[in-house]
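Undergrad: Next come a sequence and a model predicted from it.
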Amino acid sequence: MLLNLKLQVYYENIIKLFTCCIALAVYVRSPSAYNALKELGVMQLPSESSLKDFTGAKLFSPGAAAWENHVKHEAERYQQIRKGVAEVCSDIVPPARIPQQEGVLIFDEVRVIGKILWNSKSQRVYGLAMSGDELSSLHDMYKTVDPKSRLQKTKYCLQFLWRDCTSDFDLIGPYFTSEGSQSSSHIIVCLQDTMRLLHKHGFIVNSIVCDGASTNLAAIKTSTGSNNGPYGISEGPLPNPHEITPWFWNWYIPNIPVFWIICPSHQLKNMINALWQSKPVTGRKKGFQTHHASPVFGWEAIESMWRREKDRRSKNISREVPGLQESYIKRDSWTKLNVRPAKVMQQEQVLAELAQYAAPIGQQPPSDAETTMMTRDYLRAASLLFENGVLSHEVINSTHCQVLQNIREGYQFFEDWLDTLLDENAQQKETEFLLTSPRERRFISWQTWDLLRVMYFGLTGLAESFLSRHPGFFLSPLRLNGSAVETLFSQFKARAGGKLTSLNYETSLRSYICKKNLAPKAVHHSGRDYRNVHLKLPDAPLIRKKDM
């Protein structure tokens, strides 16, 4: 009798847990849809407050200290995965690659709507930006701040994401709030706190990926011991005067270098935007020039290509560049901020169309053939760097692999271009060439050039360091992409109804983690575009608040 009673209680608990999982799967996707389903009375569903007990157990506050238990739990889960792989593959010859818990740290910021809420039950104010006491590294700095200064609403959230380089393990790290745009000192402090938390639980950081914002570039130069302003050209005994060192020794594991890498998707947009800004103006020379007295090349070749595409369409002839759209040519704010238009510009269809127009077989070349080929060479270098390099689906398994060769060849084009202009300037064959001048238009801006060098030397340095320490492993370039954090922001905004505020950012993050654990694994299409990055996050335990 007692055994039957225990079995009955056991099966009732199983049924309740199963019902709770179904209810949570609907609730985290749409609370209003769940309430409508509950009102139908088709099946007995738990109340909304009961479901909040489960989702509220994964509620995280800003700052590294609030994420201590979460990171500790994920570290234990990682060790279980590592142990399982080692046991399964113990008899395989050659031995399988066992995850090494070493990866890349990606961060990005998002602007949120500042709101404040007072919770009378918990006696806590929500929506305020972090104070100096919550950032231990900035405590001494904040002591010098005016004591009359008041706490402000949160306007920006800085989110961190750790991605393993030896497996497909992803870990959503802590986030930090601020009342204004992130400064370089604030970024470094948040970075130190995050790396300290990860190191405490065994997660090693070998590289950092961020976008090319000016504050990020300043943080890179500060952390690597470089001076503010442009990198310039080295006058020391280096084999390459353009070489820079965008790395520093890991603050907590001194024998491992940490390389800075500019997000390839953002840098691709910078390169295409630089070409778009090169437009010759009547009566003046404003645009890219490969050498002294060469014609100005730039976006005019792209506009001419679009006119030829429209002619083909009007004549019912197959288009040479099917993915090209008019909005990509007449660029607006949407086009500049999205990677899809930039991706189209450096693909093989565009390069083939420009080359066929500039050098037709058996025909006289057009008058703008030279500038068209210059534009084509620019886009080909970008294609080697990105489409066939850091944004390719190939892996980096040696320092002489095809991916790194493509990256080196694409980067060499811009280095040779700059050397030509500098040599002619030294020989005084033209007017003075000043790379750091905002009026200089014959080469890409010094900010874009610095970001390109950080990406190139950071990635090549990481490949050499990582492969030397982990022979037999490989790097996947697509995992070294800041679009992974932007994917999180898109998911958060979808759960917040399109408007991300300082109040619903925390709940959206909680809902996203809960949904990843309950929803079935969907078929992803990360190969379609650079923005659609698939994240494989480990499952979190299903616990109530009172069980914590």
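TA: All right, it came through fine.

Undergrad: Please make it C-alpha for all contacts and neighbour counts, starting now.
TA: Noted.

Undergrad: after the helix or strand Val71 falls within comes which helix or strand?
TA: When elements are assigned from DSSP states H and E, Val71 belongs to helix 68-88. Counting by DSSP H and E, the element after helix 68-88 in chain order, helix or strand, is strand 102-111.

Undergrad: How much space separates the spatially most central residue of the chain from Leu488?
TA: What sits nearest the mean C-alpha location of the chain, by Cα atoms, centre = their mean, is Gly482, with 0.4 Å. Note on Gly482: its distance to Leu488, by Cα to Cα, to the nearest Å, is 11 Å.

Undergrad: Repeat that for Gln363.
TA: Distance of Gln363 to Leu488, given as Cα to Cα: 52 Å.

Undergrad: So between these two, which is more surrounded?
TA: Neighbours were counted for Gln363 and for Leu488 using other Cα atoms under 10 Å; Leu488 has more, 19 against 7.

Undergrad: wait, is that one part of a helix?
TA: Yes: secondary structure of Leu488, determined by DSSP: H, G, I helix; E, B strand; the rest coil: located in a helix.

Undergrad: what separates it from Ile233, distance-wise?
TA: Between Leu488 and Ile233 the distance is 38 Å, computed by Cα to Cα.

Undergrad: now Gln349
TA: 36 Å.

Undergrad: same check, this time on Leu351
TA: 31 Å.

Undergrad: that older thread, which one's more surrounded, Gln349 and Ile233?
TA: Set side by side, Gln349 and Ile233 give different neighbour counts by other Cα under 10 Å, the larger being at Gln349 (17 against 11).

Undergrad: Find the helix or strand that the closest residue to Thr290 other than its chain neighbours is a member of.
TA: With Cα to Cα, 6 or more residues apart in numbering as the criterion, Thr290 has its nearest non-adjacent residue at 6.1 Å, and that residue is Trp417. Trp417 is part of helix 402-426 when elements are defined by DSSP H and E.

Undergrad: Rounded mean pLDDT for that helix, please.
TA: Per-residue confidence for helix 402-426 averages out to 92 on the pLDDT scale.

Undergrad: Run through who's touching that helix.
TA: The set of residues external to helix 402-426 that reach it, using Cα atoms under 8 Å, 6 or more residues apart in numbering, is 242, 290-292, 378, 380-386, 388-390, 392, 394-396, 430-433, 443, 456, 460.

Undergrad: What's the PyMOL line that selects buried ones from these?
TA: A single PyMOL command suffices to select whichever of the contacts of helix 402-426 are buried according to 16 or more other Cα atoms under 10 Å:
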select buried, resi 242+290+291+378+380+381+382+383+384+385+386+388+389+390+392+394+395+396+433+443+456+460
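
Undergrad: In helices, which of the contacts of helix 402-426 fall?
TA: Cross-referencing those against helices under DSSP state H gives 378, 380-382, 456, 460.

Undergrad: For the residues you listed, could you give me a markdown table that also reports pLDDT and distance to Lys200?
TA: Rendered in a markdown table, the data for the ones in helices among the contacts of helix 402-426 read as follows (pLDDT from 0 to 100; distance: Cα to Cα, whole Å):
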| residue | pLDDT | distance to Lys200 |
| --- | --- | --- |
| Tyr378 | 96 | 45 |
| Arg380 | 95 | 45 |
| Ala381 | 96 | 42 |
| Ala382 | 95 | 40 |
| Tyr456 | 96 | 30 |
| Thr460 | 95 | 28 |
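
Undergrad: out of the residues you listed, who's nearest Arg312?
TA: Nearest to Arg312 out of the ones in helices among the contacts of helix 402-426 is Arg380 (Cα to Cα; 23.8 Å).

Undergrad: on that earlier part again, I'd like to know how far the residue nearest to the centre of the chain sits from Thr166.
TA: Counting by Cα to Cα, the gap from Gly482 to Thr166 is 18 Å.

Undergrad: what sits against the closest residue to Asn227 other than its chain neighbours?
TA: Spatially, and ignoring its direct neighbours in sequence, Asn227 is nearest to Lys221 (6.5 Å; Cα to Cα, 6+ apart). Going by Cα under 8 Å, 6+ apart, Lys221 touches 227-228, 246.

Undergrad: if we can go back for a sec, what is the nearest of the ones in helices among the contacts of helix 402-426 to Thr507?
TA: The shortest gap between Thr507 and any of the ones in helices among the contacts of helix 402-426 belongs to Tyr456, at 37.7 Å (Cα to Cα).

Undergrad: now that closest one: how far from Pro257?
TA: From Tyr456 across to Pro257, the span is 16 Å (Cα to Cα).

Undergrad: count of neighbours near the nearest residue to Leu434 once chain neighbours are set aside?
TA: Nearest in space to Leu434, with sequence neighbours left out and distances taken as Cα to Cα, 6+ apart, is Glu440 at 6.4 Å. Around Glu440 there are 17 other residues, counting by other Cα under 10 Å.

Undergrad: My guess is Glu440 contacts Phe433. True?
TA: Yes: using Cα atoms under 8 Å, Glu440 is in contact with Phe433, at 7.4 Å.

Undergrad: who's in contact with the closest residue to Val390 other than its chain neighbours?
TA: Leaving aside its chain neighbours, Val390 sits nearest to Pro477 (5.3 Å; criterion: Cα to Cα, 6+ apart). Pro477 sits next to 389-396 when contact means Cα under 8 Å, 6+ apart.

Undergrad: Then Asn216?
TA: If you count contacts by Cα under 8 Å, 6+ apart, Asn216 has them with 184, 187, 210.

Undergrad: Dump those residues to a markdown table, plus secondary structure, neighbour count and distance to Glu326.
TA: Listed next are the contacts of Asn216 as a markdown table, based on DSSP: H, G, I helix; E, B strand; the rest coil; neighbours: other Cα atoms under 10 Å; distance: Cα to Cα, whole Å:
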| residue | secondary structure | neighbour count | distance to Glu326 |
| --- | --- | --- | --- |
| Ser184 | helix | 18 | 38 |
| Ile187 | helix | 18 | 38 |
| Cys210 | strand | 24 | 30 |
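
Undergrad: starting at the chain centroid, how far to stretch 103-114?
TA: Between the centre of stretch 103-114 and the centre of its chain there are 9 Å (Cα atoms, centre = their mean, to the nearest Å).

Undergrad: quick one: contacts of that stretch?
TA: Contacts made with stretch 103-114 from outside it, assessed by Cα under 8 Å, 6+ apart, are listed as 127, 153-166, 182, 203-211, 480-482, 485-486, 489, 499-502.

Undergrad: Leaving out the residues flanking it, which one is nearest to Ile396?
TA: Nearest in space to Ile396, with sequence neighbours left out and distances taken as Cα to Cα, 6+ apart, is Leu475 at 4.9 Å.

Undergrad: For the one you found, grab phi and psi.
TA: Listed backbone geometry of Leu475 is phi -110, psi 140, with angles given as degrees, to the nearest 10.

Undergrad: That one contacts Ser392, doesn't it?
TA: No: in terms of Cα under 8 Å, Leu475 does not count as a neighbour of Ser392; the distance is 11.7 Å.

Undergrad: and which of the ones in helices among the contacts of helix 402-426 is nearest His73?
TA: Taking Cα to Cα as the measure, Thr460 is the one of the ones in helices among the contacts of helix 402-426 closest to His73, at 33.3 Å.

Undergrad: Now the closest one. Nearest residue, chain neighbours left out?
TA: For Thr460, ignoring the flanking residues on the chain, the nearest one in space by Cα to Cα, 6+ apart is Leu404 at 7.4 Å.
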